[in-house]
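A.B. asks: heads up, no residue letters with this:
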């Protein structure tokens, strides 16, 4: 599936008042990201036993990552961008950092 195809589908299911557009997407993105971290935390503390993550947990994470993608998509749209634009911008930024030897380190403008 391509980003633009996914974005069109996600937009069909985005049902919330316009006055909350940006806030709704941002809060949902934070919430779902937290759920991803929570599932990983439970694996780290040994809920799957020693070693590798269980397939069940991986499948649960796939679902949570899908929710992260949905909220990212809706927030992106509500800010006036497409996922393709955001992905292209990020690729250019990261390749520029790589070229300048600045992949590691801190700061948005490194």
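C.D. replies: Structure's in. What do you need? For clarity, every value in this text was computed on a predicted model and none was experimentally measured.

A.B. asks: Without its sequence neighbours, what residue ends up closest to residue 97?
C.D. replies: On the basis of Cβ to Cβ, 6 or more residues apart in numbering, the spatially nearest residue to residue 97 that is not a chain neighbour turns out to be residue 103, at 5.1 Å. The way it works is simple: take the backbone N, C-alpha and C, and place the C-beta from them, glycine included.

A.B. asks: helix, strand or coil for that neighbour?
C.D. replies: Look at residue 103: counting by DSSP: H, G, I helix; E, B strand; the rest coil, its state is coil.

A.B. asks: and it, how far is that from residue 38?
C.D. replies: As judged by Cβ to Cβ, to the nearest Å, residue 103 and residue 38 stand 28 Å apart.

A.B. asks: Now do the helices in the protein.
C.D. replies: 3-12, 21-44, 55-78, 83-99 (DSSP state H).

A.B. asks: could I get those as JSON lines with mean neighbour count, distance to residue 108 and mean pLDDT?
C.D. replies: Output for the helices of the chain, formatted as JSON lines (neighbours: other Cβ atoms under 10 Å; distance: least, Cβ to Cβ, whole Å; pLDDT from 0 to 100):
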{"stretch": "helix 3-12", "mean neighbour count": "13", "distance to residue 108": "23", "mean pLDDT": "94"}
{"stretch": "helix 21-44", "mean neighbour count": "15", "distance to residue 108": "18", "mean pLDDT": "97"}
{"stretch": "helix 55-78", "mean neighbour count": "16", "distance to residue 108": "18", "mean pLDDT": "97"}
{"stretch": "helix 83-99", "mean neighbour count": "12", "distance to residue 108": "9", "mean pLDDT": "95"}
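
A.B. asks: Quick one: closest of those to residue 110.
C.D. replies: Closest approach to residue 110 among the helices of the chain (Cβ to Cβ): helix 83-99, 6.6 Å.

A.B. asks: thought residue 78 was touching residue 19?
C.D. replies: No. Applying Cβ atoms under 8 Å as the test, residue 78 and residue 19 come out as separate, 11.5 Å apart.
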